[in-house]
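A.B. asks: For reference, the sequence and a predicted model appear below.
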Amino acid sequence: MKLKLKIWRQEDAQDQGGFQDYTVDGIDGDMSFLEMLDVLNNDLVNDGKEPVEFDHDCREGICGSCCLQINGEPHGPDRLITTCQLHMRKFNDGDEIVIEPFRATAFPVIKDLVIDRSSFDRIQHAGGYISVNTSGNTQDANSIPIEKEKADDSFYAATCIGCGACVAACKNASAMLFTSAKVSQLALLPQGEIEAHDRVLNMVHQMDKEGFGNCTNTGACEIECPKGISLENIARMNREYLSASVAG
Amino acid sequence: MSVLESKIPEGPIEKKWTKHKNEIDLVNPANKRNIDIIVVGTGLAGGSAAATLAELGYNVKTFCYQDSPRRAHSIAAQGGINASKNYQGDGDSDYRLFYDTVKGGDYRSREANVYRLAEVSGNIIDQCVAQGVPFAREYGGLLDNRSFGGVLVSRTFYAKGQTGQQLLLGAYSAMNRQINRGKIQAFNRHEMMDLVLVDGKARGIIARNLVSGEIERHSAHAVVLASGGYGNVFYLSTNAMGSNVMAAWRAHKKGAFFANPCFTQIHPTCIPVSGDLQSKLTLMSESLRNDGRIWVPKKEEDAKAIREGKLKPTELGEDDRDYYLERRYPAFGNLVPRDVASRAAKERCDAGYGVNKTGQAVYLDFKAAIERYGKEKAFTSGHKNPSEDEIIKLGEEVVESKYGNLFEMYEKITDQNPYKTPMMIFPAVHYTMGGLWVDYNLMTTIPGCYAAGEANFSDHGANRLGASALMQGLADGYFVLPYTIGDYLADDIRTGEISTDTEEFETAEREVKERIQKLFDANGKNPVDYYHKKLGKIMWNKCGMSRNEKELKEAMEEIKELRDDFWANVKLTGKAEAKNQELEKAGRVADFLELGELFAKDALERNESCGGHFREEYQTEDGEALRDDENYKFVSAWEFVGNPRDAKLHKEKLEFDNIELKTRSYK
């Protein structure tokens, strides 16, 4: 396959940035999208030009590093995958592909396609944990049985990889799906119930402070989420938030 | 007299750890506030150590090259975590977990460390549940278990195929709590470039800020390296693209001995290589071997027809299939340990029975499991005389509930439906048992420099059992290191803050900068990946699943030549003082080019086969590994003296007082 690429290039956070055109040749359908970019970068280095910087690490869809907006969609045209799991068989010879970083005020660009998602970390710092010491002197793991259904729901919420596709998909750049996944995971477990009120208030407060937008229930986040995190989590967080606010 | 002091406590094995904890020095809470600790790496070992040390009151600085601690490669571990809880009542115990781990490691690990690991394993599960880790549960609300290779009990706790992710997020949340309290300062997008020694003690690191390119000095009273393994020396592996040996190798060059570098785990169930431009390999969890049956065609001509696309695997009848693991190892069957399963696959493929276009793959088949589960399900749901199609439908549902995400992942990568046609798998480099030599306290041969998790060598011997890496990482970080480090730091309560404005830091920083400049000064002919791929080929072909004297010697020469060529001709672009991923890669590959040579030397000098180290010269008549306990019952700890090939060997003799040395048999 031969492809035309329109890629966002930006020297650093201060640079204004813009699109540049490239072509790559010899792309095989079994290659991943990032391997296609490896080919481009290898060509660029051979020509003495600076390669395109992009974040990636595990290349198996679990670390959440990769964050490319491909033809206007977070992680590209396929569903329930990260960019590294997108394969070139989804494209055709001669296609033009537009590649940008995820866009949001709270995700400033560092260079080219690399963005700063430390705002996500700060939301977690604000309360994404259970305040239990790591001494190992906790009670036996089986002393509190947990309904399988609740444990499963908690697990599904916990599969969020923190990539930011939900924010990139949202017209308001809202981080509600991300934040609600953590709030839900812990609120669904008896261990997390105790601090549930403080947790949801603190995490939502931090989310707002970081400059993420509000939720208007369009549901784009759920569709683009590589892990299929459900909108139900947002509803649950709203309930938690309301009851925490009333409880004062 | 060896310079290696393992510091194993006296007394019966089940009392050693308790006794040691009672006797080592402690630092009082007020003094901990005056002590700084650097933790490099934020995976299971580093993340859990950082959180616990901060909780105890130390000032912790963490470093990771990723943009967030949550992305460390522990996150990719799939199958589970072992613990001797014996919730299933199937006869498990600390001793049995200890026994399985020592045997699984082919009797090349340190008894006392492994027993301690088994002893604290139950605590890990308690701790994780208290932190909100959503493990799989049964309908009664209690925790579920499954079994893994090399053992006869069900002791593996899991969270679908994402156990590593859930445990890492648990450690990350414990870190976040401490970051929020101001006890951890997290330096993300930072890479350790060198270790700084003051008066022979580890007192800090030189780090590169990967965003600005700035070279920074950071001091501490102790440095913990939890920087993972070195599987990427093979270029293609299941490791993350950024996983590297830099932190451990820099420490090695400053005096930390490197132990058993040739002990590498080649995991049997990975998706086969598809093309030359492939950048990484993907693992399919070992848990699949609970239900999948591994086979190749019995007749060579069938294998050939399959490779040429003239025959489909589903067209082959039972009699034409060779379930070679069940044939060779009837007792353990498809659940033999990883090293045994990998070698058996290689043996069949080398003999011409491999499938896939390349001939480098075997089948992992779920047809029998689908039928079995389908019949069971039909029976329990009162469905009498179900048709073949109904059985398959019900069976597929059960298999989906167990392995759904893995099947999806396979289909996404290969574009084939594993419910309908058998999966193709082939071994790939996955984990490195070798690493920095540490004593019972997890301290390296540099005072004040510790190594935890995959970065150290201590617990897995020559082969690691499935679901034991997560156990070891968290045991080291939550329950071992936070105690043992106090013994060393007790002498530091009056030291005060370590200044970075000293000659030692100045020299280390200058050397790092010069090294970077040297990379830019090279002739500029070939990109970094060119060298990494070449190194990977040498390693895979000559230091991979089986090794021999001739090829290991060749590998040492070839790696040295490649390294010289790298420093003369590597091509870098961009600037040192800016974000530069090519420069990051170059620094890492430069270290792999040194480690690779030591790896080959270690494999060459270990004249026996054990665990993942298979020397063709040392095998039994039926092709099993032939250990030499008389001459090689030791840990090889290498001291750096200038060039990797000149490294000096120190031997730590291994004593086995609680377990009888046997030929490992899974037949």
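C.D. replies: On my side now, so go ahead.
A.B. asks: Tell me the confidence at the nearest residue to residue A:2 once chain neighbours are set aside?
C.D. replies: Closest residue to residue A:2 apart from its sequence neighbours, by C-beta to C-beta, 6 or more residues apart in numbering or on different chains: residue A:25 at 4.7 Å. Glycine gets a C-beta too; all of them are placed from N, C-alpha and C. Predicted confidence (pLDDT) for residue A:25: 97.
A.B. asks: What distance do you get for residue A:25 to residue A:94?
C.D. replies: 11 Å (C-beta to C-beta, to the nearest Å).
A.B. asks: And residue B:369, by the same measure?
C.D. replies: 43 Å.
A.B. asks: Tell me the residue of chain A that sits nearest chain B?
C.D. replies: Closest residue of chain A to chain B, C-beta to the nearest C-beta: residue A:145 (2.9 Å).
A.B. asks: ok, the closest residue to residue A:48 other than its chain neighbours - contacts?
C.D. replies: Leaving aside its sequence neighbours, residue A:48 sits nearest to residue B:573 (C-beta to C-beta, 6+ apart; 6.5 Å). Residues counted as contacts of residue B:573 (C-beta atoms under 8 Å, 6 or more residues apart in numbering or on different chains) are A:44, A:45, A:48, A:49, A:50, A:51, B:580, B:582.
A.B. asks: Now distance to residue B:615 and secondary structure too, for those residues, in a markdown table please.
C.D. replies: Below are those laid out as a markdown table (distance: C-beta to C-beta, whole Å; DSSP: H, G, I helix; E, B strand; the rest coil):
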| residue | distance to residue B:615 | secondary structure |
| --- | --- | --- |
| A:44 | 43 | helix |
| A:45 | 39 | helix |
| A:48 | 45 | coil |
| A:49 | 46 | coil |
| A:50 | 45 | coil |
| A:51 | 41 | coil |
| B:580 | 41 | coil |
| B:582 | 37 | helix |
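A.B. asks: Torsion angles phi and psi at the residue lying closest to residue B:297 once chain neighbours are set aside?
C.D. replies: Nearest non-adjacent residue to residue B:297, counting by C-beta to C-beta, 6+ apart: residue B:303, 4.5 Å away. Dihedral angles of residue B:303 (phi, psi; degrees, to the nearest 10) stand at phi -60, psi -40.
A.B. asks: List the contacts of residue B:303.
C.D. replies: B:296, B:297, B:352, B:353, B:354, B:355, B:359.
A.B. asks: Relative to residue B:233, how far out is it?
C.D. replies: Residue B:303 is 32 Å from residue B:233, by C-beta to C-beta.
A.B. asks: So stretch B:242-250, near chain A or not?
C.D. replies: Yes - using C-beta under 8 Å from any C-beta of the partner chain, stretch B:242-250 reaches chain A at residue B:242.
A.B. asks: what is the mean pLDDT for the helix or strand harbouring residue A:123?
C.D. replies: Using DSSP states H and E, residue A:123 sits in helix A:118-125. Per-residue pLDDT over helix A:118-125 has a mean of 98.
A.B. asks: In terms of pLDDT, where does the residue positioned nearest the centre of chain A sit?
C.D. replies: By C-alpha atoms, centre = their mean, the mean C-alpha position of chain A lies nearest to residue A:163, the distance being 1.9 Å. Per-residue confidence (pLDDT) for residue A:163: 98.
A.B. asks: which SS state does it fall under?
C.D. replies: Judged by DSSP: H, G, I helix; E, B strand; the rest coil, the three-state class of residue A:163 is coil.
A.B. asks: Dihedrals phi and psi, it?
C.D. replies: Dihedral angles (degrees, to the nearest 10) for residue A:163: phi -80, psi -30.
A.B. asks: from chain B, which residue is nearest to chain A?
C.D. replies: residue B:141 (2.9 Å).
A.B. asks: moving C-terminal of the helix holding residue A:123, what's the next helix or strand?
C.D. replies: helix A:148-158.
A.B. asks: Show the model's pLDDT score for residue B:2.
C.D. replies: For residue B:2, pLDDT reads 58.
A.B. asks: repeat for residue B:666
C.D. replies: pLDDT at residue B:666 comes out at 84.
A.B. asks: In terms of helices and strands, where is it?
C.D. replies: Applying DSSP H and E, one finds residue B:666 in no helix or strand.
A.B. asks: Wait, it touches residue B:340, no?
C.D. replies: Yes - between residue B:666 and residue B:340 there is a contact under C-beta atoms under 8 Å: 6.1 Å.
A.B. asks: Check the secondary structure at residue B:75 for me.
C.D. replies: Assignment for residue B:75 (three-state DSSP): helix.
A.B. asks: Might you report the residue contacts of it?
C.D. replies: Applying C-beta under 8 Å, 6+ apart, the residues near residue B:75 are A:58, A:62, A:63, B:43, B:164, B:165, B:168, B:169.
A.B. asks: of all those residues, which comes closest to residue B:259?
C.D. replies: Using C-beta to C-beta, the shortest approach to residue B:259 within the contacts of residue B:75 belongs to residue B:43, at 19.7 Å.
A.B. asks: Now do the contacts for the closest one.
C.D. replies: B:72, B:73, B:74, B:75, B:168, B:171, B:226, B:228, B:453, B:473.
A.B. asks: Let's see if you can find the most crowded of those.
C.D. replies: residue B:226 (35 neighbours; other C-beta atoms under 10 Å in any protein chain shown).
A.B. asks: nearest residue to it other than its sequence neighbours?
C.D. replies: residue B:46 (3.2 Å).
A.B. asks: can I assume that neighbour is in contact with residue B:223?
C.D. replies: No - counting by C-beta under 8 Å, residue B:46 sits too far from residue B:223 to count as a contact (11.5 Å).
A.B. asks: Show me the common contact partners of these two, please.
C.D. replies: With C-beta under 8 Å, 6+ apart, residue B:46 and residue B:223 have common neighbours residue B:40.
A.B. asks: hang on, the earlier thing: what's the residue of chain B closest to chain A sitting at in phi/psi?
C.D. replies: phi 100, psi -10.
A.B. asks: What is the burial count for the nearest residue to it once chain neighbours are set aside?
C.D. replies: Leaving aside its sequence neighbours, residue B:141 sits nearest to residue A:145 (C-beta to C-beta, 6+ apart; 2.9 Å). Residues lying near residue A:145 (other C-beta under 10 Å) number 14.
A.B. asks: ok so, going back, okay, residue B:369 and residue A:94: which has more neighbours?
C.D. replies: Higher neighbour count among residue B:369 and residue A:94: residue B:369, with 20 against 9, using other C-beta under 10 Å.
A.B. asks: Not counting its neighbours along the chain, what's nearest the more buried one?
C.D. replies: Spatially, and ignoring its direct neighbours in sequence, residue B:369 is nearest to residue B:291 (3.9 Å; C-beta to C-beta, 6+ apart).
A.B. asks: Excluding covalently adjacent residues, which one is nearest to residue B:82?
C.D. replies: Per C-beta to C-beta, 6+ apart, closest to residue B:82 is residue B:467, 4.5 Å.
A.B. asks: Which of the three states applies to that neighbour?
C.D. replies: Strictly by three-state DSSP, residue B:467 counts as coil.
A.B. asks: ok and the biggest helix by length in chain A relative to helix A:148-158, angle-wise?
C.D. replies: Longest helix in chain A, counting residues (DSSP state H): helix A:232-247. Interaxial angle of helix A:232-247 relative to helix A:148-158 (axes from the mean of the first three to the mean of the last three C-alpha atoms, to 10 degrees): 100 degrees.
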